[in-house]
Structure formats: C-alpha cells, structure tokens
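**Q** I would like the atomic coordinates for the input below:
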Amino acid sequence: MYEHLTVVKHPLVQHKLTLMRDKDTPTAVFRQLLREISQLLAYEITRELEMTTRRIETPLCEMDAPVLAGKKLALVSILRAGNGLLDGVLELVPSARVGYVGLYRDEETLQPVQYYYKVPQDLEDRLVIVLDPMLATGNSSAAAVDLLKRSGANNIRFMCLLAAPEGVERMGEAHPDVPIVTAAVDECLNDHGYIVPGLGDAGDRMFGTR
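**A** Model (predicted):
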C-alpha cells in the first residue's frame, strides 16, 4: 500500500461515512455530513503545519504564543464535487486561499478533460491541499496535481472521502511525494470506473442531480 496514505479511523468519521453510503440518505443530509466529515479529515491533514511564535499579551501577562508560520495555505477544489469538502475545510481555516481545477472524466476512456483552472499566486510558498471526495481511477487527481506542480506548487497533500486501490496506486506512481488522507479505501472499481461499495456519484448526491 502507498506509504504516504493515511486512513482516518476515528469513530465519528466512520459513523458519518456509513450514513453517507446509505442510498436512502437525502441530499440535504448528505451535504451536511460531507461538510462535517471534511472538517474531521482536515484536522488530520493539517496536523503537521509549520508553526512559529508571536509575542502577545494575555489578560495576565505577555507570552510567546504559537501561530501558523508562512503564507496562508491554499485549498484547491477539483470541480464540482470537491466543493463539498471545500465548504467544511474553509470553516476550519477561513483565511485559506482557494483555487479550482475543472476536470471531467470522459466516460469512454476514463481520462480527465480540463475545462477550468484558477489558483492562488505564490503556490511555491504555500501548503496546497487538493480536495476531491472520490479517488477512483486516480487519473483526474494525478492530472490536477500535474497542473499544480507546473504552477510552482511543491508541498501538496490530497484529501478525499473515499479511495479505490487503483486510484491510490495511480497517485503513488504519478506523485509519490503527495500524501493522501482519506476516510476509507474500498474494494475496487467497477466497469464504469465507480468505487465499490462506494456511495455512488458524490457530486450527484450532493447537488441532487443525475
């Protein structure tokens, strides 16, 4: 298994994931659960952020207090489903810069097709967290990271709700320097490139589309 893979086994994460897998969970509840679980995953993926200290004055005395070091981190959503994770992470890190990568999967070749790309400046000086609920074939995720690296990003992490072994392997081959944080690694992909047992199409379930 990919050595930079972290599967978050926290009971709240696993409980919420089960509710999201249930096909009878309505759109509004699915969306809320995705926001909640994204914050729990974000806690893990930001665990090793660089710190420094700043001199402050409490009501009692002065002290050197810990604060985040460097430029604000960048959150990059792979459209459209990545926005479901983005909302939750932004609640946790509201000062983060935000970028978007528009990719859709060709249903015949399963290869990504780019249609939009807008990211913050100075990516080389920021931690970049890529957000996409599903790491399926890994083709879109690898393509998004390719684009970010071309824009100067050199400290990238990938956060997803579910991963397939095929996607983890693809990312490991293409970008072994990019850690992955997920709630679960499922059994496999089906013939249509969907994760099994999975939870269906995350974007459709989040936005109530088909």
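**Q** immediately after the host helix or strand of V67, which helix or strand?
**A** Secondary structure assignment for V67, by DSSP states H and E: strand 62-68. Downstream of strand 62-68, the next assigned helix or strand under DSSP H and E is strand 74-79.
**Q** List the strands paired with that following strand, with their directions.
**A** Applying DSSP bridges, strand 74-79 is found paired with strand 97-105 (parallel), strand 128-131 (parallel).
**Q** hey, which of those strands is tucked in deepest?
**A** Among the strands paired with strand 74-79, strand 128-131 has the highest mean neighbour count (mean count of other C-beta atoms under 10 Å), at a mean of 26. C-beta coordinates here come from the backbone N, C-alpha and C atoms, glycine included.
**Q** What helices and strands are in contact with the helix or strand where L33 lies?
**A** Element membership for L33, per DSSP H and E: helix 27-45. Helix 27-45 is packed against helix 11-21, helix 82-92, strand 128-131, strand 156-159, strand 180-182, helix 202-207, with contacts defined by 3 or more C-beta pairs under 8 Å, 6 or more residues apart in numbering; DSSP states H and E.
**Q** sorry, back to before: partner strands of the strand holding V67, with direction?
**A** As assigned by DSSP bridges, strand 62-68 forms pairs with strand 51-57 (antiparallel).
**Q** ok, residues contacting the partner strand?
**A** Applying C-beta atoms under 8 Å, 6 or more residues apart in numbering, the contact partners of strand 51-57 are E62, M63, D64, A65, P66, V67, L68, A69.
**Q** Quick check: the second one vs D125, distance?
**A** Summarising the geometry, the distance separating M63 from D125, computed by C-beta to C-beta, to the nearest Å, is 28 Å.
**Q** Ok, the third one next?
**A** In this structure, D64 and D125 are 24 Å apart, going by C-beta to C-beta.
**Q** neighbour count winner among these two?
**A** D125 (14 against 10; other C-beta atoms under 10 Å).
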